[in-house]
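# A predicted structure for the sequence below; I have some questions about it.
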Amino acid sequence: MTVMATASASTPLYNQVAESVIERIENGTLRAGEKAPSLRRLSAQKHVSISTALQAYMSLESRGYLEARPKSGFFVRQPFASLIPEPRFDQARTRPDTQPHLPGTNEILATIGAVVRDPSCIPFAAGCASPELFPNRAMNLIVRRIVNRQPLHSANYQFPPGIEALRRQIARRSPDAGCGFAAEDVVITCGTLEAVNLSLRAVAKPGDVIAVESPTYFGILGAAAALGMKIVEIPTHPQEGMDLNRLESAIRTHRIKACVITSNCHNPLGYVLPDPNKKALADLTARHNVAVIEDDIHGDLAYGATRPRTVKSFDKKGLVLLCSSFSKTLPPGYRVGWVMPGRFRAEVERLKFLSSVATSALSQMAVAELLGSGGYDRHVKRLRTACAARVDNVRQAISRYFPEGTRISRPAGGLLLWVEMPPRIDALRLYQAALAERIAILPGKIFSPSNRFRNCIRINCGQTWSEAHERALLKLGRLCENLPSK
């Protein structure tokens, strides 16, 4: 059976070949130290050209599966990622019974915007890719065509649910995530965070309790705080996700109204939740009639050969509100997001109108045209490869420069790393010392309403790798060594 028969036709051919080689490495057919098949042999086995076989091997080399030896070919090596320990799951188990918290405003968040805008800082804080990774020229050409073709493009509000052409393109892509919804099921928003905010307001009210992963994206905590909602943290495994036994216990004890999750390319842990776990989560919340707000903003950046399914794809009762945007794959200034709210669609649409009236018409038109042209899919394939390479670069540098005992996440997609340092290191002090050196990172405490993860930081790997970034990570490692103990 050829690779083409077993993988999606939308996946680049060299990636299909590379994934087949990875499968042979992982099942033990090819072992560390052994020579990989020659390019000519691989070409014949997979019915591809020599250049495609070479591209596959170069991809595997950049990901740490193969090493090229002069005049000898490619050899299998132990994947570098597997040599670095992951963060401990018991990091989130500091208390046997987590009580609801009403999160407050965190003083750290107030400084993030200024730090991100400061060009003199090495930007390991904001979770976005370098501007040159986006299809800026293509988007500019599209905007120019729209302006010439429709000079009155923004003369009126594009009231909720948003421009139909964009909603139709989003719906057309939904089978890639295991779903199958229609354009009328989608509400356009100003980014994913507005989608999450609207979803929270649609399913809960001030004083209600919601469940979140621990750790979780600080924007979710900020949204809950602004809405006066209480939070229960659920321990979250760095590969298997939320502890469903603890979630069910919290649902019974605290009358949870909603569960907010990131099942694909988790922020900050980076995992893609296995499909059985996604189904189990959907089944559990459905039994208790608990809404699930699923943040899928990084879903298109998963490194695998196919786009991962969502929890929404296992939803049988309309209780999962799927939120996403194009802010991580296209220039974030366009601020185009969306939500598929299931049974809560009418309420989300009403709240969208009351909150911000409409999303920019020009941005919606431009994104819709790129999606319809096929340019978005080609761009995202390149972006995934770039993200994987940059994450690997940063991961290797951290393993060289940070103190012994440091643990680093193994992302399955996206551009973020979660770093757990030895317990003696206070990440908040490291954050402050790093700022003094013009290096921006995020301390782990802002990813928890109860200020856990005090020896953890989140690192953004999306920026163009340079000697300055290498020196900054070396400086961070030295700062760790010189910080006073807690």
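It's in.
# Angles on the backbone of Glu233, please.
Phi and psi for Glu233, reported as degrees, to the nearest 10, are phi -90, psi 130.
# Verify the stated contact: it with Ile210.
No. Glu233 is beyond contact range of Ile210, at 10.5 Å (criterion: Cβ atoms under 8 Å). Yep, even glycine has a C-beta here, placed from its N, CA and C like the rest.
# Low-confidence stretches in the stretch 351-486 of the chain?
Residues of the stretch 351-486 of the chain meeting the criterion pLDDT under 70: 485-486.
# now the helices: where do they sit in it?
All helices of the stretch 351-486 of the chain, identified by DSSP state H, counting those that start in this stretch, fall at 361-373, 375-401, 427-436, 467-482.
# Out of these, which is the most enclosed?
helix 361-373 (a mean of 21; mean count of other Cβ atoms under 10 Å).
# Between the two ends of stretch 435-450, how far is it?
Counting by Cα to Cα, to the nearest Å, you get 24 Å between the two ends of stretch 435-450.
# I should have written stretch 156-173 there, sorry.
28 Å.
# ditto for stretch 59-70
Chord length of stretch 59-70, first to last residue, is 17 Å (Cα to Cα).
# so where do the helices sit in the stretch 51-200 of the chain?
Remark: helices assigned in the stretch 51-200 of the chain by DSSP H, counting those that start in this stretch are 107-117, 136-149, 164-173, 191-203.
# closest to Val17 out of the ones you listed?
Among these, helix 164-173 comes nearest to Val17, with 24.9 Å by Cβ to Cβ.
# Report the angle between that closest one and helix 361-373.
Angle of helix 164-173 versus helix 361-373, following axes from the mean of the first three to the mean of the last three Cα atoms, to 10 degrees, is 40 degrees.
# buried ones in helix 164-173?
Residues 166-171 are the ones in helix 164-173 that count as buried (16 or more other Cβ atoms under 10 Å).
# now stretch 335-344
For stretch 335-344, using 16+ other Cβ under 10 Å, the buried residues are 335-342, 344.
# close enough to count as contact, Ala32 and Tyr65?
No. Counting by Cβ under 8 Å, Ala32 does not reach Tyr65; the two are 9.7 Å apart.
# pLDDT added to the buried residues of stretch 335-344, as TSV?
Shown next, in TSV, are the buried residues of stretch 335-344 (pLDDT from 0 to 100):
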residue	pLDDT
Arg335	96
Val336	98
Gly337	98
Trp338	98
Val339	98
Met340	98
Pro341	98
Gly342	97
Phe344	98
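# which two in those residues are spaced the farthest apart?
Among the buried residues of stretch 335-344, Arg335 and Gly342 lie farthest apart (Cβ to Cβ), at 23.5 Å.
# that older thread, can you redo the buried residues of helix 164-173 as TSV with distance to Asn140 and pLDDT?
As requested, the buried residues of helix 164-173 are arranged in TSV below (distance: Cβ to Cβ, whole Å; pLDDT from 0 to 100):
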residue	distance to Asn140	pLDDT
Leu166	18	98
Arg167	24	98
Arg168	24	98
Gln169	19	98
Ile170	22	98
Ala171	27	97
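# between those residues, which is nearest Val367?
Closest to Val367 out of the buried residues of helix 164-173 is Leu166 (6.0 Å), distances taken as Cβ to Cβ.
# who's in contact with the closest residue to the closest one other than its chain neighbours?
With Cβ to Cβ, 6 or more residues apart in numbering as the criterion, Leu166 has its nearest non-adjacent residue at 3.9 Å, and that residue is Ala368. Applying Cβ atoms under 8 Å, 6 or more residues apart in numbering, we find Ala368 in contact with 163, 165-166, 168-169.
# Repeat the analysis, applying 10 Å as the threshold.
The contact partners of Ala368, taken as Cβ atoms under 10 Å, 6 or more residues apart in numbering, are 142, 146, 162-170, 188, 336.
# Columns distance to Asn156 on top of those residues, output as CSV?
Below are these laid out as CSV (distance: Cβ to Cβ, whole Å):
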residue, distance to Asn156
Ile142, 20
Ile146, 15
Gly162, 13
Ile163, 11
Glu164, 14
Ala165, 15
Leu166, 16
Arg167, 17
Arg168, 20
Gln169, 21
Ile170, 22
Ile188, 15
Val336, 18
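# For Gly207, list the residues it contacts.
Residues in contact with Gly207 (Cβ under 10 Å, 6+ apart) are 100, 102, 227-230, 257.
# still on that earlier bit, next, show the common contact partners of Glu233 and Ile210.
In contact with both Glu233 and Ile210: Pro100, using Cβ under 10 Å, 6+ apart.
# sorry, back to before: now that we have the helices of the stretch 351-486 of the chain, can you turn them into JSON lines and tack on distance to Ala177?
Output for the helices of the stretch 351-486 of the chain, formatted as JSON lines (distance: least, Cβ to Cβ, whole Å):
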{"stretch": "helix 361-373", "distance to Ala177": "14"}
{"stretch": "helix 375-401", "distance to Ala177": "13"}
{"stretch": "helix 427-436", "distance to Ala177": "34"}
{"stretch": "helix 467-482", "distance to Ala177": "33"}
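# Of all these, which one is nearest Ser263?
Of all the helices of the stretch 351-486 of the chain, helix 375-401 comes closest under Cβ to Cβ, at 17.6 Å.
# angle of the closest one against helix 361-373?
Going by the same axes, to 10 degrees, helix 375-401 makes 90 degrees with helix 361-373.
# how distant is helix 375-401 from the center of its chain?
Distance of helix 375-401 from its chain centroid, counting by Cα atoms, centre = their mean, to the nearest Å, is 12 Å.
# One more: stretch 127-140?
Counting by Cα atoms, centre = their mean, stretch 127-140 comes out at 17 Å from the chain centroid.
# CA atoms of that stretch as PDB?
Backbone C-alpha positions of stretch 127-140 (Å, rounded to 0.1, in the frame of the first residue of the first chain) are rendered in PDB as follows:
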ATOM      1  CA  GLY A 127       2.300  33.800  21.800                       C
ATOM      2  CA  CYS A 128       2.500  34.800  18.200                       C
ATOM      3  CA  ALA A 129       4.700  34.100  15.200                       C
ATOM      4  CA  SER A 130       7.100  36.400  13.500                       C
ATOM      5  CA  PRO A 131       5.500  38.800  11.000                       C
ATOM      6  CA  GLU A 132       7.500  37.400   8.100                       C
ATOM      7  CA  LEU A 133       5.800  34.000   8.600                       C
ATOM      8  CA  PHE A 134       2.500  35.400   7.600                       C
ATOM      9  CA  PRO A 135       1.200  35.700   3.900                       C
ATOM     10  CA  ASN A 136       1.400  39.500   4.100                       C
ATOM     11  CA  ARG A 137       1.900  40.200   0.400                       C
ATOM     12  CA  ALA A 138      -1.000  37.900  -0.500                       C
ATOM     13  CA  MET A 139      -3.300  39.500   2.100                       C
ATOM     14  CA  ASN A 140      -2.300  43.000   0.900                       C
END
